[in-house]
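A.B. asks: here's my sequence, what's the structure:
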Amino acid sequence: MLVFSACSNGKDPEKYIGYWVENNNDLTIPTEIKEQAGKLYIIADNDGEKIEMPATFDENGKSLHAKHLTPSGSLDVQAVYLDESKHLKITMANSSTEFSKLSETEAKERAKKVEAFYDPNFLVGKWMNLKATDADPIEIRKDGDKYFLQTALNNTEIKYNKRAFVWSYLNSPSRISRLKNGNLQWELGALRTEYKRM
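C.D. replies: Model prediction:
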């Protein structure tokens, strides 16, 4: 989640305060903007990780600006309230997304829905290649608190990190995650393969 901190300075922070959710994406954790001790805080989700950033209004008070520090550098963030649509437009890395406002109850319900979607236990079971149906199936098993991937070649322990299983398979980075359609996607290096439950 992202947090922007901003001094109000008469810049009409009331328009920003509340819960916001990305339009046309029902699998995003709502972003919260709140005021505390004269400052605004924007709390958002970054791929399952909560992140906090200080922010300030621009000189004319028409937008909030922040920098999100990452291992590879800083990412400029701009949040603009759109009076006509009453949406919030957030721009990061030259890409803009509009957010709609939710009530606190709706925001909490949405957060629970997203967390349930990314429950790693959903991926436990046998899966078959969607395109190559004659290929050997794969199986994800759970033994206590540990997860294992069984293929025709070997049995490997895999660990769930945020919203996907991430590990090294045959010396290549691998990632297994749930798709919106309920299928599973296995990324092995540059190769992406979709599986359906058996």
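A.B. asks: tell me the bridge partners for Ile90.
C.D. replies: With DSSP bridges as the criterion, Ile90 is bridged to Ala79, Thr97.
A.B. asks: test my guess that it contacts Gln78.
C.D. replies: Yes - between Ile90 and Gln78 there is a contact under Cβ atoms under 8 Å: 7.1 Å. (Each C-beta comes from the backbone N, C-alpha and C, glycine too.)
A.B. asks: same drill for those two, tell me which one is more crowded.
C.D. replies: Applying other Cβ atoms under 10 Å to Ile90 and Gln78 shows that Ile90 carries more neighbours, namely 24 against 16.
A.B. asks: show the average pLDDT along stretch 187-198.
C.D. replies: Stretch 187-198 shows a mean pLDDT of 94.
A.B. asks: got the contact list for it?
C.D. replies: Here stretch 187-198 makes contact (Cβ atoms under 8 Å, 6 or more residues apart in numbering) with 125-131, 137-138, 169-170, 172-177, 179, 182-186.
A.B. asks: now list the buried members of the residues you listed.
C.D. replies: Neighbour counting over the contacts of stretch 187-198 (16 or more other Cβ atoms under 10 Å) leaves 127-129, 137-138, 169, 174-177, 184-186 as the buried ones.
A.B. asks: which of these fall in helices?
C.D. replies: Applying DSSP state H to the buried ones among the contacts of stretch 187-198, no entry is found in helices.
A.B. asks: closest to Thr31 among those?
C.D. replies: For the buried ones among the contacts of stretch 187-198, the residue nearest Thr31 by Cβ to Cβ is Ser177; the value is 22.0 Å.
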